[in-house]
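Student: sequence first, predicted coordinates after that:
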Amino acid sequence: MLEGFDLAGRVALVTGGGTGIGKAIATLLAERGADLALAARRADRLETAAAEIGEATGRRVVTFAADVTDSEAVERMIAAVVDTFGRLDILINNAGKSSYSGFSKMPPAMWDKDVALNLNAAFYCSHAAIPHLKASGRGAIVNISSQAGISGTAGCGAYSAAKAGLQMFTRVAAMEWGGSNVRVNCVAPGMTATELAQAGWAKTGFDAPGAAKTAFALKRPGTPEEVAQAVVFLACDAASYITGETLAVSGGPGQKGMIDVD
Ligand code: NAD
């Protein structure tokens, strides 16, 4: 049964794979045997992560520069990945970020930027990758959405709308590409304690562990590794009959101000 978790011989591309959740996903994919392409705007910034993952896992890890909100740059990047490895089996659309503003004060350019990064980019990467994922015979896409795309987050409205759109992109792409055995799934993380998130919490004085006690059933923020395990499961043959789904990795429903009875 555990053969379904083996990724030997496969090539995975992780956007935003040098930091946070993307780096945890890349590390676990390589531990399962996949060779890796890591992409971000600047390839040089990815080199440390690539060297670290390559050394720890013995897998081939190559970095590629692309702004994933630029469709032409994405096409060049996917072509370079396939030139380098000769194939592409797994695409993880992970690059993403939220701006912060209420709708009343949000400049339209901020809306456009959040939708470009958190929704359009996943379409651009998937569209450029799909011929190669079909050729793989068992291609898999995993889109990284957010709990904000399920329940919404005030002050992160453009991001919430884009992440919700990413879940619908997942469903429709799964319908269109299932006949070529390309599966498309989505993971929606909740509050995740990446290094950057923790630094942000420290800087603003936000008590994330305190907030998590009432916000989530499991009463703590998640870790990048916990998100990565769900993502890698969906990328593996172990999930061969799962497509079009969004899996929340968010610590479960919270008490929302109700009395804790246990
Ligand atoms: P992060 O900032 O560490 O990672 C984002 C990555 O995206 C970075 O490596 C960055 O270089 C890359 N990136 C940003 N803009 C890009 C662009 N235009 N082109 C190419 N690469 C670009 O943040 P993270 O917390 O690890 O987030 C990873 C994903 O998880 C994002 O999609 C985010 O929305 C989602 N998410 C995170 C949390 C959380 O609490 N950390 C919660 C829910 C969802």
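Tutor: Perfect, thanks for sending it. Numbering: from 1, shown residues only.

Student: my understanding was that Ala73 contacts Ala80; is that so?
Tutor: No. Using Cβ atoms under 8 Å, Ala73 makes no contact with Ala80, being 10.4 Å away. No exception for glycine: its C-beta is placed from N, CA and C like everyone else's.

Student: what segments of the stretch 151-262 of the chain are strands?
Tutor: Under the criterion DSSP state E, counting those that start in this stretch, strands of the stretch 151-262 of the chain are mapped to 183-189, 246-249.

Student: how near is Gln51 to Tyr100?
Tutor: Heads up, residue 51 is Ala, not Gln. Separation of Ala51 from Tyr100 (Cβ to Cβ, to the nearest Å) stands at 33 Å.

Student: for Gln229, that is, sorry about that
Tutor: With distances defined as Cβ to Cβ, the gap from Gln229 to Tyr100 amounts to 29 Å.

Student: of the two, who's got more company?
Tutor: Set side by side, Gln229 and Tyr100 show more neighbours around Gln229, with 15 against 12, by other Cβ atoms under 10 Å.

Student: residues contacting Asp6?
Tutor: When the contact criterion is Cβ atoms under 8 Å, 6 or more residues apart in numbering, the partners of Asp6 are Arg32, Gly33, Cys236, Asp237.

Student: also Thr69?
Tutor: Applying Cβ under 8 Å, 6+ apart as the definition, the contact partners of Thr69 turn out to be Lys113, Ala116, Leu117, Asn120, Ala121, Tyr124.

Student: pick the one among those residues closest to the ligand.
Tutor: Leu117 (5.4 Å; Cβ to the nearest ligand atom).

Student: excluding chain neighbours, what is closest to the closest one?
Tutor: Distance criterion Cβ to Cβ, 6 or more residues apart in numbering; nearest residue to Leu117, sequence neighbours excluded, is Thr69 at 5.5 Å.

Student: give me phi/psi at that neighbour?
Tutor: The phi and psi torsions at Thr69 (degrees, to the nearest 10) take the values phi -90, psi 0.

Student: against the ligand, how distant is the nearest residue to Pro107 once chain neighbours are set aside?
Tutor: Leaving aside its chain neighbours, Pro107 sits nearest to Ser101 (7.9 Å; criterion: Cβ to Cβ, 6+ apart). Note on Ser101: its distance to the ligand, by Cβ to the nearest ligand atom, to the nearest Å, is 16 Å.

Student: so Ser101 makes contact with Met110?
Tutor: Yes. The pair Ser101 / Met110 is scored as a contact, 6.0 Å apart, by Cβ under 8 Å.

Student: where are the low-confidence patches of the chain?
Tutor: Screening the chain residue by residue with the criterion pLDDT under 70, one finds the ranges 255-260.

Student: list the buried residues in the longest helix anywhere in the chain.
Tutor: Ranked by residue count under DSSP state H, the longest helix found in the chain is helix 157-177. By neighbour count with 16 or more other Cβ atoms under 10 Å, helix 157-177 contains the buried residues 157-167, 169-171, 173-174, 177.

Student: of the contacts of Thr69, which is the most crowded?
Tutor: For the contacts of Thr69, neighbours were counted by other Cβ under 10 Å; the highest total belongs to Ala121, with 26 neighbours.
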